[in-house]
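Student: Fold the following.
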Amino acid sequence: MSQSDTLTFDAAIVGGRVVVPGEGISELTVGIRGETIAALLDPGVPVSASETIDASGRFVLPGVIDPHTHIGYEGYRGIPLDALPSHFETETASALVGGVTTLLCTYRNAPSYEEIWDEMREAGESHSRIDFGYSLGITNDEQLAHISDYHRELGVTSFKFYMAYRGEEASATGNVYNTYDDGLLYEGMEAISEIPGGMAMVHAENIEIIARLRRRLRSAGRNDLAAWSESRPDFTEAENVRRALYLGERTGCAVYIPHLTCRASLDAVREHRARGTTIAHVETCSQYLTHTADSPVGLLGKVNPPLRSADDREALWEGIRGGDIDCVATDHCGVRREAKGPDIWTAVPGFPGMATLLPALLDGAARGVVSLERVAELTSLRAAKLFNLYPRKGTIAVGSDADLVIVDADLRRTVTHEELRSRSDFSIYEGWELTGWPVLVIGRGRVLMRRGEILAEPGRGRYLERFADDKRQGVRG
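Tutor: Reported below is the predicted structural model:
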C-alpha cells in the first residue's frame, strides 16, 4: 500500500483490544475525526494521525454512562439549585477518574421545572466536564401536568417517581414540593406511555411499613448499619416493585426500577417478564454488588434502599450473568462525612460512586464473576438504548461519539478518596484494592483524563436532548 493510501485521522488508538458490547472483543485501530469515530480498522491497515494513542496490552471500552446520579444533592436540603454548578464541576472530575463520559442527573425539589430550566441547563453547560442530561422527578400535580411539555421542549424522556417519599417522609427528607401518591404515579405513567421512548423510573419501597419498623428499632436502642437495613427489609422493596410493574403493565408504560437490591425484587421482575410483558427494566448499583449490611463502613454506608445480605449480593451477580439486570449505575451523591451522623437515624443517606463504578466491575471481571463484554453492556450499551442516547452513545461504531475508555485490566490500585476527586471526603471503598482501572478517557474525540490527571475543563460537557426519533435522538441544543 502506498503512502497515498494511508488513512488520516485526528486521533488514532492503536494496539488495543476493542470491546464492542453485543459484538465481541477484537484487536482494532480506532480512527477518530473531530468528535466521532470515523473508522474501525484491522491492525495492519496503515494510518496517520495528529495524535496516536498506544493501547497495547489494554482494552478499549465505550465511555461509561451513569444513568442515575444526584448532582447537587446535599442531604436533607434536597437538591438546591444553587448547589448544581459547584457539584457539576467536582463530581464530573470524579466521574472521569472512573471512565464516566456521560451522566444523567435526577433532579427534583421544584414546584415545576419550566421556571428554573435555564438555570438547570446552564449549571451543566458552564460547569460539567462531560456530556449530561436530566431525568425529572414527578412529585406533584403541577409537574404531572407538564410531562409531555418536558419531553417536547426540554428533550427529557425519563421521569422518576418516589414511592418511598410521601407524606411526612417527603417533608422530613427535604422533598418539600412532594405530594406523591399512587394516583399520581398512575396518571404519570399514562402520560409517559404517550411519549416515544418514555420511561418511568420508580424508587420502590413501602414507606408505611418502613416507618413502623424504624420506630420499633429506634425505640429498642439500635444504632448500627444493620438496623437501617432491617428497618427497610427486602419485602418492602419487592412489594413495591410488583405494584409499579403492575401499574406499568396496565398503562402500557415502560418501567425502570433503579437501585434494585435483593433476590426478592429480582424474582418479582422475573415473574413479571415470564408473562410475556416487555415493560420491565432493571438497574442495580455497584455498592449492592460489593457491600452488605454488616460492612465495617458503618454510618457511611447508609443508603436508600439499604445494603442487603450476602445472599442478595450473590443474587444480583446471578442476575447480571443471566441477563436479568440491564444496567449498573451508582445513585451517586456528593455528600460529605459530616452529614453521615451522628447516628444511623439522622445520618444523610447516600455516598459517592461514579469513580469506582467501572473499577468495581473490572475487579469482578478480574475475579472471573463477569465477562468484560458484559461489563460494557451494563455500563454503557443498555443505558444508551433505554435512555434514548443510542447510537450516539453506548457503543464503539462508525458515526458514534468518540467516547472511549482505555483500561488496564491488570492494574491494581488501593482506593483513597483523595484520588477520586469528589467533593465527598470519603469512599465506601476506602482501602480496598481493586484490579482494573481506566488509564485514559476520551470524550467526543478529546483526551479528558490521563492516569488520574483531569484534562477536561469545566464547561466542556454538552446537554443531551433525548428523543426516540432517530433524526432528533441525542441532539444537543
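Student: can you pull out the helices in the stretch 201-350 of the chain?
Tutor: Counting by DSSP state H, counting those that start in this stretch, the stretch 201-350 of the chain has helices at residues 207-219, 225-231, 234-251, 263-274, 286-290, 310-322.
Student: what's the closest of those to residue 413?
Tutor: Among the helices of the stretch 201-350 of the chain, the nearest to residue 413 by CB to CB is helix 286-290 (15.2 Å). Yep, even glycine has a C-beta here, placed from its N, CA and C like the rest.
Student: Counting by contacts, list what the closest one packs against.
Tutor: In this structure, helix 286-290 makes packing contacts with helix 310-322, strand 327-329, helix 354-366, judged by 3 or more CB pairs under 8 Å, 6 or more residues apart in numbering; DSSP states H and E.
Student: just to revisit the earlier point, I'd like the helices of the stretch 201-350 of the chain as TSV, with mean neighbour count and mean pLDDT appended.
Tutor: TSV is the format used below for the helices of the stretch 201-350 of the chain (neighbours: other CB atoms under 10 Å; pLDDT from 0 to 100):
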stretch	mean neighbour count	mean pLDDT
helix 207-219	15	96
helix 225-231	21	98
helix 234-251	21	98
helix 263-274	19	98
helix 286-290	23	98
helix 310-322	17	98
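Student: Can I get these in TSV including distance to residue 381?
Tutor: Output for the helices of the stretch 201-350 of the chain, formatted as TSV (distance: least, CB to CB, whole Å):
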stretch	distance to residue 381
helix 207-219	34
helix 225-231	32
helix 234-251	23
helix 263-274	19
helix 286-290	17
helix 310-322	14
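Student: right, so of these, which gets closest to residue 97?
Tutor: helix 286-290 (14.1 Å).
Student: Not counting the closest one itself, show me its contacts.
Tutor: By CB atoms under 8 Å, 6 or more residues apart in numbering, the list of residues contacting helix 286-290 from outside reads 259-261, 301, 303, 307-308, 312-313, 316-317, 320, 328-331, 351, 353, 356-357, 360-361, 364, 428-429.
Student: now the strands for the stretch 1-150 of the chain?
Tutor: 7-14, 17-20, 24-27, 29-33, 36-41, 47-54, 59-62, 64-70, 100-107, 131-137 (DSSP state E, counting those that start in this stretch).
Student: Serialize the ones you listed to a markdown table and add fields for mean neighbour count, mean pLDDT and distance to residue 114.
Tutor: What follows is the strands of the stretch 1-150 of the chain, written out as a markdown table (neighbours: other CB atoms under 10 Å; pLDDT from 0 to 100; distance: least, CB to CB, whole Å):
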| stretch | mean neighbour count | mean pLDDT | distance to residue 114 |
| --- | --- | --- | --- |
| strand 7-14 | 19 | 98 | 39 |
| strand 17-20 | 20 | 98 | 40 |
| strand 24-27 | 13 | 97 | 45 |
| strand 29-33 | 23 | 98 | 38 |
| strand 36-41 | 18 | 98 | 33 |
| strand 47-54 | 15 | 98 | 43 |
| strand 59-62 | 26 | 98 | 34 |
| strand 64-70 | 28 | 98 | 21 |
| strand 100-107 | 27 | 98 | 13 |
| strand 131-137 | 26 | 97 | 11 |
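Student: Redo those as TSV? Include distance to residue 416.
Tutor: Formatted as TSV, those follow (distance: least, CB to CB, whole Å):
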stretch	distance to residue 416
strand 7-14	29
strand 17-20	28
strand 24-27	31
strand 29-33	32
strand 36-41	34
strand 47-54	27
strand 59-62	24
strand 64-70	21
strand 100-107	19
strand 131-137	26
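Student: mind checking which of the ones you listed is nearest residue 340?
Tutor: Per CB to CB, nearest to residue 340 of the strands of the stretch 1-150 of the chain: strand 64-70, 15.4 Å.
Student: Adjacent strands (with direction) for that closest one?
Tutor: According to DSSP bridges, strand 64-70 forms sheet pairs with strand 100-107 (parallel), strand 332-333 (parallel).
Student: The first one to strand 131-137, inter-axis angle?
Tutor: Going by axes from the mean of the first three to the mean of the last three CA atoms, to 10 degrees, strand 100-107 is angled at 20 degrees with respect to strand 131-137.
Student: which stretch among the helices of the stretch 201-350 of the chain comes nearest residue 45?
Tutor: helix 310-322 (35.5 Å).
Student: same for the closest one, what does it pack against?
Tutor: helix 263-274, strand 280-285, helix 286-290.
Student: Switch those over to JSON lines; also include distance to residue 8.
Tutor: Formatted as JSON lines, the helices and strands packed on helix 310-322 follow (distance: least, CB to CB, whole Å):
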{"stretch": "helix 263-274", "distance to residue 8": "48"}
{"stretch": "strand 280-285", "distance to residue 8": "41"}
{"stretch": "helix 286-290", "distance to residue 8": "40"}
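Student: Which stretch among the ones you listed approaches residue 417 most closely?
Tutor: That would be helix 286-290 among the helices and strands packed on helix 310-322, by CB to CB, at 14.8 Å.
Student: Kindly format the C-alpha coordinates of that closest one as PDB.
Tutor: Provided in PDB are the C-alpha atoms of helix 286-290 (Å, rounded to 0.1, in the frame of the first residue of the first chain):
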ATOM      1  CA  SER A 286     -22.200  -1.100  42.300                       C
ATOM      2  CA  GLN A 287     -22.500  -0.800  46.100                       C
ATOM      3  CA  TYR A 288     -25.000  -3.700  46.200                       C
ATOM      4  CA  LEU A 289     -22.600  -5.900  44.300                       C
ATOM      5  CA  THR A 290     -19.700  -5.300  46.700                       C
END
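Student: Measure how far it is from the centre of its chain, please.
Tutor: 13 Å (CA atoms, centre = their mean, to the nearest Å).
Student: that older thread, could you dump the helices and strands packed on helix 286-290 into JSON lines and include distance to residue 225?
Tutor: Formatted as JSON lines, the helices and strands packed on helix 286-290 follow (distance: least, CB to CB, whole Å):
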{"stretch": "helix 310-322", "distance to residue 225": "14"}
{"stretch": "strand 327-329", "distance to residue 225": "22"}
{"stretch": "helix 354-366", "distance to residue 225": "19"}
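Student: Out of these, flag the one nearest residue 268.
Tutor: Here helix 310-322 is closest among the helices and strands packed on helix 286-290 (CB to CB), at 11.9 Å.
Student: tell me the angle that closest one makes with helix 263-274.
Tutor: Using the same axes, to 10 degrees: helix 310-322 against helix 263-274 is 30 degrees.
Student: Can I get helix 310-322 in PDB, CA atoms only?
Tutor: What follows is helix 310-322, C-alpha atoms only, in PDB (Å, rounded to 0.1, in the frame of the first residue of the first chain):
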ATOM      1  CA  ALA A 310     -24.500 -11.700  51.100                       C
ATOM      2  CA  ASP A 311     -27.200 -13.900  49.500                       C
ATOM      3  CA  ASP A 312     -28.800 -10.800  47.900                       C
ATOM      4  CA  ARG A 313     -25.400  -9.700  46.700                       C
ATOM      5  CA  GLU A 314     -24.900 -13.100  45.000                       C
ATOM      6  CA  ALA A 315     -28.400 -12.900  43.600                       C
ATOM      7  CA  LEU A 316     -27.500  -9.700  41.800                       C
ATOM      8  CA  TRP A 317     -24.400 -11.200  40.400                       C
ATOM      9  CA  GLU A 318     -26.500 -14.100  39.100                       C
ATOM     10  CA  GLY A 319     -28.900 -11.600  37.600                       C
ATOM     11  CA  ILE A 320     -26.000  -9.800  35.800                       C
ATOM     12  CA  ARG A 321     -24.700 -13.100  34.400                       C
ATOM     13  CA  GLY A 322     -28.100 -14.300  33.400                       C
END
